[in-house]
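K.L.:
Sequence plus predicted model, see below.
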Amino acid sequence: MRLTILGGGGFRVPLVYGALLGDHAEGRVTHVTLHDVDARRLTAVARVLAEQAAGVPDAPEVTATTDLDEALRGADFVFSAIRVGGLEGRAADERVALAQGVLGQETVGAGGIAYGLRTVPVAVDIARRVARLAPDAWVINFTNPAGLVTEAMSRHLGDRAIGICDSPVGLGRRIARTLGADPDKAWIDYVGLNHLGWVRGLHIAGRDELPRLLAEPDLLGSFEEGKLFGADWLRSLGMIPNEYLHYYYFNREAVSAYQHARKTRGAFLRDQQARFYEEMERADAPPLETWNRTLAEREATYMAHNREAAGVGGRDACDLESGGYEKVALALMRAIARNERTTLILNVRNRTTLSALDEDAVIEVPCFVDANGAHPFSVAPLPDHATGLVCGVKAVEREVMAAAESGSRATAVKAFALHPLVDSVSVARRLLDGYLNEHPGLAYLNRK
């Protein structure tokens, strides 16, 4: 089986390859093609993968290319983890937004819209090429904003475009461990959009244990989300939000923390990864050791500004474990390629799952996965406040897609203005002007 990784020079690619090395069953991935527009980054990551594969007799063969069509031909699965504009683009997204007093995070608010406007045209081009060059391939999208990009690709690939994210799984696992349960045996009732969802129940042996967690303040304040949101707010909600909802529920505090930070998250990662790739150009640099050291620093500083805004300290060791997006990707590929039926939280087309949204809207919910793809489970409606937020943000995503298709400046302004974390037409216009000055790739927005 052949896997193509777009963004193959990306820092987290060794996580995916490491998961593949542990799969020795029949029908496993035997060849990995790395594609990136940056040959230097491809070389660095290929060195790390080579050391990972040392001593593994059936390790997937790895090839690298900067030719997109070559990378896609013959692929069974395409894993998309591109970053249009690079980390410099992410840092610019944050800088422009903060100058206007609004959030610039890469998937939330103004920053997410700017990133989406840059990324959707590229993602759509990829989807069209996949449809032409590898029509039987499945696309697993991890490119942010993941829900928006998956929906844009699904317009050309249908249900063969599936988005993944490690946030919901990581949240569910933390809740299960807090309750003293085996995370692998828990059913997570999770509903929403990517980076905009809530755990409404956690069922163990058929019993919902979330009410017990909400009733015990010590337990509730013992894990990452409990510290971020506070026990009182979580009990008021009656749900556990995805960590990214901290940007909504505590927006002023988050914006202030970013404005007063020595570096934004994007700027930190830009500088950190620049050091990694520079170090990897040295022939004597130990590839895997260098990568592991950089990864540990990256994970320890994740959402540091939000924890600062919440008045909590560094991450506990138990919170450093993510949901493992590479494990989700591997489980998804196994289920489709080998009919190893499983349940995963994925970004898929809504169909009739959430009545407030149309059938083509991509949502993030538990899905049953088999050889025919991912099938969302039926879920109960969200409470009104959550439904309003989901519908409002989905409307913004649709305006981003419309702007990317039409090249309309007015539609792009509308996307910014309608977002609940921007809420000003004047600010929206200034944001778009700022992003146009920073990003040559947005020059296509030249129609009124």
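P.N.:
That came in fine, so what should we check first?

K.L.:
now the stretch 301-448 of the chain, which segments are flagged as low pLDDT?
P.N.:
The stretch 301-448 of the chain contains residues with pLDDT under 70 at 302-323.

K.L.:
Mind jotting down where the helices sit in it?
P.N.:
304-310, 325-338, 384-406, 409-418, 425-438 (DSSP state H, counting those that start in this stretch).

K.L.:
want to throw these into JSON lines with distance to Phe229 and mean neighbour count?
P.N.:
In short, each C-beta sits where N, CA and C put it, glycine included. Output for the helices of the stretch 301-448 of the chain, formatted as JSON lines (distance: least, CB to CB, whole Å; neighbours: other CB atoms under 10 Å):
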{"stretch": "helix 304-310", "distance to Phe229": "8", "mean neighbour count": "20"}
{"stretch": "helix 325-338", "distance to Phe229": "23", "mean neighbour count": "21"}
{"stretch": "helix 384-406", "distance to Phe229": "14", "mean neighbour count": "19"}
{"stretch": "helix 409-418", "distance to Phe229": "25", "mean neighbour count": "22"}
{"stretch": "helix 425-438", "distance to Phe229": "27", "mean neighbour count": "18"}
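
K.L.:
who wins for proximity to Pro366 among those?
P.N.:
Nearest to Pro366 among the helices of the stretch 301-448 of the chain is helix 325-338; the distance by CB to CB comes to 12.2 Å.

K.L.:
what helices or strands is that closest one leaning on?
P.N.:
Under the contact criterion of 3 or more CB pairs under 8 Å, 6 or more residues apart in numbering; DSSP states H and E, helix 325-338 touches helix 13-21, strand 77-80, strand 138-141, strand 342-349, strand 362-370.

K.L.:
follow-up on the earlier one: columns distance to Leu98 on top of the helices of the stretch 301-448 of the chain, output as JSON lines?
P.N.:
Shown next, in JSON lines, are the helices of the stretch 301-448 of the chain (distance: least, CB to CB, whole Å):
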{"stretch": "helix 304-310", "distance to Leu98": "11"}
{"stretch": "helix 325-338", "distance to Leu98": "27"}
{"stretch": "helix 384-406", "distance to Leu98": "19"}
{"stretch": "helix 409-418", "distance to Leu98": "15"}
{"stretch": "helix 425-438", "distance to Leu98": "11"}
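
K.L.:
Tell me which of the ones you listed lies nearest to Gln272.
P.N.:
Closest among the helices of the stretch 301-448 of the chain, once you apply CB to CB, is helix 304-310, at 12.7 Å.

K.L.:
For this protein, give the helix that spans the most residues.
P.N.:
Counting residues, the longest helix found in the chain (DSSP state H) is helix 109-133.

K.L.:
so what secondary structure elements neighbour that one?
P.N.:
helix 68-72, strand 77-80, helix 86-99, strand 138-141, helix 146-157, helix 384-406, helix 409-418, helix 425-438.

K.L.:
since we're on His31, how many residues are nearby?
P.N.:
15 (other CB atoms under 10 Å).

K.L.:
So Val45 is in contact with Leu15, correct?
P.N.:
No. Counting by CB atoms under 8 Å, Val45 does not reach Leu15; the two are 11.0 Å apart.

K.L.:
more neighbours, these two?
P.N.:
Val45 (28 against 18).

K.L.:
Can you give the contact residues for the strand or helix carrying that one?
P.N.:
Assigned by DSSP states H and E, Val45 belongs to helix 39-53. The set of residues external to helix 39-53 that reach it, using CB atoms under 8 Å, 6 or more residues apart in numbering, is 8-11, 13-14, 17-18, 21, 32, 34, 36, 59-60, 62, 64-66, 276-277, 280-281, 286-288, 290-291.

K.L.:
run the last query once more with 6 Å
P.N.:
For helix 39-53, the external contacting residues (CB atoms under 6 Å, 6 or more residues apart in numbering) are 9, 13-14, 17-18, 34, 36, 59, 62, 64, 66, 277, 280, 287-288, 291.

K.L.:
after that helix, next one along is what?
P.N.:
Next in line after helix 39-53, if elements are assigned by DSSP H and E, sits strand 61-65.

K.L.:
and that next one, what does it pack onto?
P.N.:
The contact analysis (3 or more CB pairs under 6 Å, 6 or more residues apart in numbering; DSSP states H and E) places strand 61-65 against strand 31-35, helix 39-53.
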